[in-house]
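Novice: Dropping the sequence and predicted coords here.
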Amino acid sequence: MMRQKILFGILLAAISLFWCSPTSSTSGFSNKLTLGTGQSSANLFNLTGAGTSFTGAPLTLYWRLESSDDMAGSQVTIDIKKLSGGTFISHQSQTYPNAQSYGHIMVSAINIDSAGSFRATGILVTGNKTISTVDFTVQ
């Protein structure tokens, strides 16, 4: 009986280490690109005015890219396409240096010069990995 309890304890400890390990596939982060009108002063990783419809072109849009995988210091490209004649065509693209060598979240801003319907895609430059895409409008 005592031997079974010890084996159960070892098994439970091993399972706990597996589930909590940083190499585990469950990081607690998801692949998501969020747009907003500002950056929170209380928590710089949060946006204010988050949404998909904005007014006042030209305007500065803040973006927050969250990756389920560690970005590992990769630069991030935000690729913007504009809807024209029923098709999204290249409009602008900007690459941002990553200030950290690790982490799952990056926040910055991009200027949108005109009104219209757009599609933004967040891409990790290292590995050319598309993380997330979001459609939005500017009026």
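Specialist: Okay, I see it.

Novice: can you give me the end-to-end distance of stretch 50-60?
Specialist: Using C-alpha to C-alpha, to the nearest Å, the end-to-end distance of stretch 50-60 comes out at 13 Å.

Novice: Okay, now the sheet partners of the host helix or strand of Ala120, with direction.
Specialist: For Ala120, the host element (DSSP states H and E) is strand 116-124. Strand pairing for strand 116-124, determined by DSSP bridges: strand 76-84 (antiparallel), strand 129-138 (antiparallel).

Novice: out of those strands, nearest to Ser108?
Specialist: For these, the distance to Ser108 is smallest for strand 76-84, at 7.7 Å, taking C-beta to C-beta. C-beta here means a position set from N, CA and C on the backbone, and glycine is covered the same way.

Novice: And Trp63, how far from Asp69?
Specialist: Applying C-beta to C-beta, to the nearest Å, the value for Trp63 to Asp69 is 18 Å.

Novice: Among the two, which residue is more densely surrounded?
Specialist: Trp63 (21 against 15; other C-beta atoms under 10 Å).

Novice: And the average pLDDT for stretch 86-96 is what?
Specialist: The pLDDT scores in stretch 86-96 average 98.

Novice: Using PDB, write out the CA atom coordinates for it.
Specialist: Provided in PDB are the C-alpha atoms of stretch 86-96 (Å, rounded to 0.1, in the frame of the first residue of the first chain):
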ATOM      1  CA  GLY A  86     -14.000  43.000 -54.100                       C
ATOM      2  CA  THR A  87     -10.300  42.000 -53.700                       C
ATOM      3  CA  PHE A  88      -7.800  42.800 -50.900                       C
ATOM      4  CA  ILE A  89      -4.700  44.300 -52.500                       C
ATOM      5  CA  SER A  90      -1.400  45.400 -50.900                       C
ATOM      6  CA  HIS A  91      -1.700  48.800 -49.300                       C
ATOM      7  CA  GLN A  92       1.200  49.100 -46.800                       C
ATOM      8  CA  SER A  93       3.500  46.900 -44.700                       C
ATOM      9  CA  GLN A  94       5.700  47.800 -41.800                       C
ATOM     10  CA  THR A  95       8.300  45.700 -39.900                       C
ATOM     11  CA  TYR A  96       9.000  46.400 -36.300                       C
END
